[in-house]
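K.L.:
Sequence and predicted structure, then a few things I'm wondering about:
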Amino acid sequence: MDTSEFTTISKLVRPENLNHHGTLFAGVTSMWFVEGAFIEASRVYGDPSKIVCIKIHGMKFVKPGANGDIIQIESVLAHIGKTSLTIYTKIYKRLTKDQLVDGFVTFVTVGEDGRPIPHGIKYSKPTEGAGLQMWEEVERLKHSDSQTKM
């Protein structure tokens, strides 16, 4: 399995996707964000029926989308644990390449009983470039999440 590939999907922003400001609604954007990440996690793992979303983290809205925009959603494996897959996702306008959103979604592989199970994917921590930067950002996010008490 090639973990250097990524998943790309496109969406058309339609009037029903807009908020009261006339821009792309954050709830719709979040749904598309997680959908893109889920498709990538499914590509990497191979069985979508055994993957559940446990965390959206580091998601950042940069610019709004507008009615009629065609947006691209790109997702790639960023980090892996024993039972988890963390996917980096970015959303941008296809025509201008203006980034709208980016961040991470973590999924866990589960058994029939819904409990986490090891996924068995062989993947080494990247040693350079964008892969290493994403890995380290996920590590930072995991650490900051563990420091947050609710």
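P.N.:
Arrived safely, thanks for sending.
K.L.:
C-alpha only now, for contacts and for neighbours.
P.N.:
Fine.
K.L.:
how much space between G81 and M59?
P.N.:
20 Å (C-alpha to C-alpha, to the nearest Å).
K.L.:
Would you map the strands across this structure?
P.N.:
For the chain, the strands defined by DSSP state E occupy 7-12, 51-61, 70-80, 84-93, 99-109.
K.L.:
Quick check: buried residues in stretch 97-111?
P.N.:
99-110 (16 or more other C-alpha atoms under 10 Å).
K.L.:
that older thread, neighbour count winner among G81 and M59?
P.N.:
M59 (16 against 13; other C-alpha atoms under 10 Å).
K.L.:
Hmm, that one is touching L100, no?
P.N.:
No: when contacts are counted by C-alpha atoms under 8 Å, M59 is not listed as touching L100 (10.6 Å).
K.L.:
Mutual contacts of those two, please.
P.N.:
Residues touching both M59 and L100 (C-alpha atoms under 8 Å, 6 or more residues apart in numbering): there are none.
K.L.:
Pull the residues that contact the helix or strand bottoming out on mean pLDDT in the chain.
P.N.:
One helix or strand of the chain scores below all others by mean pLDDT, DSSP states H and E: helix 129-147, with a mean of 85. If you take C-alpha under 8 Å, 6+ apart as the criterion, helix 129-147 is touched by 57-58, 78-79, 86, 88, 104, 125-126.
K.L.:
re earlier: most packed of the strands of the chain?
P.N.:
Most buried of the strands of the chain, by mean neighbour count (mean count of other C-alpha atoms under 10 Å): strand 84-93, with a mean of 25.
K.L.:
Give me the helices and strands touching it, please.
P.N.:
With contacts defined as 3 or more C-alpha pairs under 8 Å, 6 or more residues apart in numbering; DSSP states H and E, strand 84-93 has these neighbours: helix 26-45, strand 70-80, strand 99-109.
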